[in-house]
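# what follows is a protein structure lacking sequence information:
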Ligand code: SF4
């Protein structure tokens with residue numbers, strides 16, 4: 001059984017541009033997108049945190065606070081997912097991803113769901 005957390009974009013979450021994180025959560029439930037690696041495996045999502053805001057400098061703080069929470073609960077994660085909102089839209093994504101890989105100490109996967117529209121006005 002694997003335990004995971006998701007790092008997402010603070011701007012998108014705080015402005016409710018991706019209500020209730022439902023795309024990530026649905027992809028995880030269906031084992032779609034970058035969660036297809038868990039098709040035959042139990043997985044628990046222990047947290048969704050945001051980057052702390054532009055320019056992403058607070059990612060280390062976010063990861064550290066999550067670790068403190070998990071320690072208090074005697075839990076940990078195996079893998080950190082960088083959400084599709086960061087992967088697709090964040091101008092600071094390269095730095096955020098590099099920081100997450102350097103500092104987290106766990107496997108980092110870039111991407112969560114694939115539900116973003118390829119062409120906005122084309123059905
Ligand atoms: S740094 Fe990137 S991920 Fe964080 S709020 Fe700004 S745009 Fe979103």
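All right, it came through fine. Being a predicted model, the structure only gives us computed values, none of them experimental. Numbering: from 1, shown residues only.

# for the nearest residue to residue 107 once chain neighbours are set aside, give me its contacts.
Among residues not flanking residue 107 along the chain, residue 79 sits closest, at 4.5 Å (CB to CB, 6 or more residues apart in numbering). Every residue, glycine included, has its C-beta placed from N, CA and C. By CB atoms under 8 Å, 6 or more residues apart in numbering, the residues touching residue 79 are 2, 3, 4, 5, 106, 107, 108, 109.

# which SS state does the last one fall under?
Yep, that's residue 109 we're talking about. Following DSSP: H, G, I helix; E, B strand; the rest coil, the label given to residue 109 is strand.

# same question for the second one.
Assigned state for residue 3: strand (three-state reduction, three-state DSSP).

# for the longest helix seen in the chain, packing partners?
Using DSSP state H to define each element, the chain has its longest helix at helix 59-72. Judged by 3 or more CB pairs under 8 Å, 6 or more residues apart in numbering; DSSP states H and E, helix 59-72 is in contact with strand 2-8, strand 43-50, helix 93-103.

# ok, and does it reach over to the ligand?
No - Helix 59-72 stays clear of the ligand (CB under 6 Å from any ligand atom), getting no nearer than 8.1 Å.

# what's the burial count for residue 35?
Residue 35 has 22 neighbours, counted by other CB atoms under 10 Å.

# what helix or strand does the closest residue to it other than its chain neighbours sit in?
Distance criterion CB to CB, 6+ apart; nearest residue to residue 35, sequence neighbours excluded, is residue 28 at 4.8 Å. Applying DSSP states H and E as the criterion places residue 28 in helix 22-30.
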